[in-house]
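> Return atomic coordinates for the entry below.
(chains A and B)
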Amino acid sequence: MRTTIKRGFETHTITRSNLKISLLFRLFWVFLRIGPVTFGGGYAMIPMIEREVSEKRNWLSEEEMDDILSLAGAAPGGVGVNAAAFIGYRLAGVLGAIAAIVGITLPTFAIVCLLSTIYTQLADQPKVAAAMKGIHAAVIALIVVAAYRMAKSAIFDKATAATALVVLVVLLFTGINPLYAILAGLFIGFIILQIKGWLGLDLRMEKEGQNTSPEESNYPEYYI
Amino acid sequence: MIWNLFFVFFKIGLLSFGGGYAIIPMIQHEALQGGWLSETEFQEMVSIAGMAPGSVATNSATLIGYRVAGTWGAVVSTIGMILPSLIIVIVLSILLYRARDNQWIKKVFYGLRPVITGLIIFAAIRFGFMGKEQAFMSWQTLGTLIIVVLGLYGLIKHKLHPLSIIFASGILGIAFF
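Numbers count the residues shown, from 1 in each chain, chains lettered A, B, ... in the order given. The predicted model follows:
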C-alpha cells in the first residue's frame, strides 16, 4: 500500500477510496455476524461487540468503547443498533454508521419475516396455538424480569419510587398515549432535582454502589 | 399506508428510550388506534418478536409492518424505528465526546429510569391480562400463571437463556392447553 501511495496522487486517491469501501464492507460483515447471536436482546451482544471491535481488530481502545457503550445505552433505540451506529460513525463517518446498522439489522429482519411466514402457515394447527399460549406466558415472565432489573437500578429513593408508581397508575387508568410518559420522563428528573435542591435534600442521581459492579450498573438488562 | 407506518414508527423510534419492552405499550397504542391489529393479534406479534434475536421493539415494528402492508411495510417500519437512532447517534457523536460523567445525561436518566420501570410494569400487566376472551379464573389462566412462575424461576434463579425459556414454554403449552 505504501508504494502505491508514493507513485502519485491518482493512485493514492484510488487506494484510499478502495480502503474506505473495504472498511465499510468489514464493518457491515462484523455486525452482520453479531446480529443473529443476540437472542435475548442488546445487552447480550455487548461483550461480543467489545471482543470483535476492540480486542480482535483494535478499531477502538477500551476507553473509547466504554464511552460509546454508555452513550449507546442512553440514546433512544436498541443498544446494539446504537453501538453499531456509534462505532461505524467513529470509524468511517455516516456511511460507516449506515453499513454497521444495516449489518446488525439484516439477519434479525430476515428471521422475523421468516418466523411470521411460518406462523401464518401454521396458526390453525391446534398444537401451534397451544405452543403460542405457552410462549405468551414465557414472554410475560421475560417482561417481569425486565421490569425487576430496571427497577433495581432505577428506584432508590422516595421520588423515584413515586414517579414509577404515578406512571403506572396513570397508564393503567387513563389510556393516554404512553409516548407522553416518556416525553414527561425526559424533564421530570430536572424538576425533582430542582425541588430537592430547594428542600435541601440529598441530590444523589444514581443508586449507591453502582460503580462497584460496572457490568451490572452500566448495562441493566431492561432491554431484552 | 406505507407513509403512515413510517411516520408512526419514526415517532416511536425517536422516543424509544430503554429500547425493549418499555416501547411495547407505545406500539400497542398506535397499532390499536390505527386499527392495524386486534389486541390478541398484537400479543401474538410480540410473542413472535420475542422469539427472534434483537430488540423486541424493532422486531414488533417489522412484524406489524409485514402484517399490515407486506414486505415493503416491514422494510419501511423497520427503517422508521432505526432511523432516529442513526440520526441521534450522529448528532451525539458530533456534540459530545465524553458521556460518562455528563451531568445532563445523569439528570435526565434520574427521572427517565423510573418512568421506564413504570412503562415495563404496565407492559407486563397489559400483555398478560388484557384482551382475553375467557374468564379470569380458568384453567387457561392457571396454566399461564404456572408457566410464568416457572419461567421467572428459571430466569432469575438459574439464569437460563431467554430462548431456552421460550422453547420450554412452547412445549409446556402443547402439554397444557
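
> Pick out the residue of chain B closest to chain A.
Residue of chain B nearest chain A, by CB to the nearest CB: B:Gly173 (2.0 Å). The way it works is simple: take the backbone N, C-alpha and C, and place the C-beta from them, glycine included.

> What residues sit buried inside the longest helix seen in chain B?
Ranked by number of residues, the top helix in chain B under DSSP state H is helix B:56-95. Neighbour-count burial for helix B:56-95, counted by 16 or more other CB atoms under 10 Å in any protein chain shown, picks out B:56-69, B:73-86, B:88-90, B:92-93.

> what do you get for stretch A:100-118?
So stretch A:100-118, judged by 16+ other CB under 10 Å, has buried residues A:100-109, A:111-113, A:115-116.

> what does that stretch contact?
The contact list for stretch A:100-118 (CB atoms under 8 Å, 6 or more residues apart in numbering or on different chains) reads A:27-32, A:34-36, A:38, A:80-81, A:84-85, A:87-88, B:48-49, B:51-55, B:58-59, B:62-63, B:66-67, B:71, B:74-75, B:78, B:82, B:85-86.

> again, 6 Å this time
The contact list for stretch A:100-118 (CB atoms under 6 Å, 6 or more residues apart in numbering or on different chains) reads A:27-28, A:31-32, A:35-36, A:80-81, A:84-85, A:88, B:48, B:52-54, B:59, B:62-63, B:66, B:78, B:86.

> all helices of chain B, in order?
With helices called from DSSP H, chain B shows them at B:2-14, B:24-33, B:39-51, B:56-95, B:103-129, B:139-152, B:162-176.

> Looking at those, which is nearest to A:Ala159?
Smallest distance to A:Ala159 across the helices of chain B (CB to CB): 8.2 Å, for helix B:103-129.

> tell me the angle of the closest one relative to helix B:39-51?
120 degrees (axes from the mean of the first three to the mean of the last three CA atoms, to 10 degrees).

> before we move on, which element is the closest residue to B:Gly54 other than its chain neighbours in?
Distances taken as CB to CB, 6 or more residues apart in numbering or on different chains place A:Thr108 nearest to B:Gly54, at 3.6 Å, with adjacent residues excluded. Taking DSSP states H and E as the definition, A:Thr108 sits inside helix A:79-122.

> what do you get for A:Lys207?
Of the helices and strands defined by DSSP H and E, none includes A:Lys207.

> What is the burial count for the closest residue to it other than its chain neighbours?
Distances taken as CB to CB, 6+ apart put A:Phe156 closest to A:Lys207, at 4.3 Å, once the chain neighbours are dropped. Per other CB atoms under 10 Å in any protein chain shown, the neighbour tally for A:Phe156 reads 20.

> correct me, but A:Phe156 touches A:Met205?
No. Contact criterion CB atoms under 6 Å: A:Phe156 and A:Met205 do not qualify, at 9.8 Å.
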